[in-house]
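**Q** Sequence and predicted model, in that order:
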Amino acid sequence: MNNRHESMGRDALEHLVEKWKPVLGLSEWAIRVELVDFSREWQSGDVKVDEVEKSALVLMSRRPFRDEEQVLLHELVHVVLWPLDRAAMDLVETAPQNSRERELGEAMIFRALEPVTEQLTAALLRASGVGVRPAWAALEEEAKPRLAHLPGTAEWGLDQAEVLEVREELVVSSRQGVGIEQVWERIERSAGEPFRQLRGGKFTYEVRGNALLPDRTNRQLARSQFERALELVPLENTAAVQHLQGPSYIYAILMDPRVRKDDW
């Protein structure tokens, strides 16, 4: 994508966080920023929230293609809306995993939440005197060259809701990669073999169903933690996965050649 550019940097982004925290009622929150390389080409940002500790980690792209303040503010608005997001997901997660009902519920939440979050972001920026380019326009510009290679998509006229709805289904389908099923099989095959943490600690693990048990801790690491970490590979260190359980183990396993192969 030729409209990507270098990030303004973590210090500048964290300065913007401090600018917006009092506006959003987040003055008591501890909010950090990390720059990462997202595996999804269209992804500009993400946020991990701990409501109990009132802390959040905002993940921003090292090579953004959208306005960084707009992306950052979008993620901060997600922090404000997190109780609603969590309540909706709690209801959806009562449906069986991988069921059609759960898939539909997650899609409905995404389609409802993202446009509202972006609308609030745009309103805040305009109120502060900043011009705003609609997020869906940037996404459409980013997606169309690759969607054009898929049969029947070249003449699509995508409106805001459609871009937000199909970007995962179509944009992500056009990139090569592996999912948690294949990665989990690799993890299972390597059970009992030695792995080494970033600081040199050596460990082995066993797999019990959808949980991984390292021999150096009593903590069980859920398969879902590795699935979430896959969104962030390749990992330079453990910083981008500190919001997950057992970040040093996740890093050691996902960045090991037996698991990563040549996929990231």
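**A** The structure has been received and is ready for your questions.

**Q** Go through the chain and flag its longest helix.
**A** When every helix of the chain is counted residue by residue (DSSP state H), the longest turns out to be helix 100-127.

**Q** And stretch 225-242, how far out from the chain middle?
**A** 9 Å (C-alpha atoms, centre = their mean, to the nearest Å).

**Q** just to revisit the earlier point, if you count neighbours, what's buried in the longest helix of the chain?
**A** For helix 100-127, the neighbour count (16 or more other C-beta atoms under 10 Å) marks Gly105, Ile109, Leu113, Glu114, Pro115, Thr117, Glu118, Leu120, Thr121, Ala122, Leu124, Leu125 as buried. Quick note: C-beta positions are derived from backbone N, CA and C, even for glycine.

**Q** Confirm for me that Arg216 is in contact with Tyr205.
**A** No - in terms of C-beta atoms under 8 Å, Arg216 does not count as a neighbour of Tyr205; the distance is 9.0 Å.

**Q** Of these two, which one has the most company?
**A** Higher neighbour count among Arg216 and Tyr205: Tyr205, with 22 against 13, using other C-beta atoms under 10 Å.

**Q** Now do the strands in this structure.
**A** 30-36, 45-50, 55-61, 195-196, 202-203, 205-208, 211-214, 221-222 (DSSP state E).

**Q** need these in a markdown table with mean pLDDT and distance to Asp90, can you?
**A** Shown next, in a markdown table, are the strands of the chain (pLDDT from 0 to 100; distance: least, C-beta to C-beta, whole Å):
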| stretch | mean pLDDT | distance to Asp90 |
| --- | --- | --- |
| strand 30-36 | 93 | 23 |
| strand 45-50 | 88 | 14 |
| strand 55-61 | 92 | 19 |
| strand 195-196 | 94 | 34 |
| strand 202-203 | 94 | 33 |
| strand 205-208 | 95 | 25 |
| strand 211-214 | 95 | 21 |
| strand 221-222 | 92 | 17 |
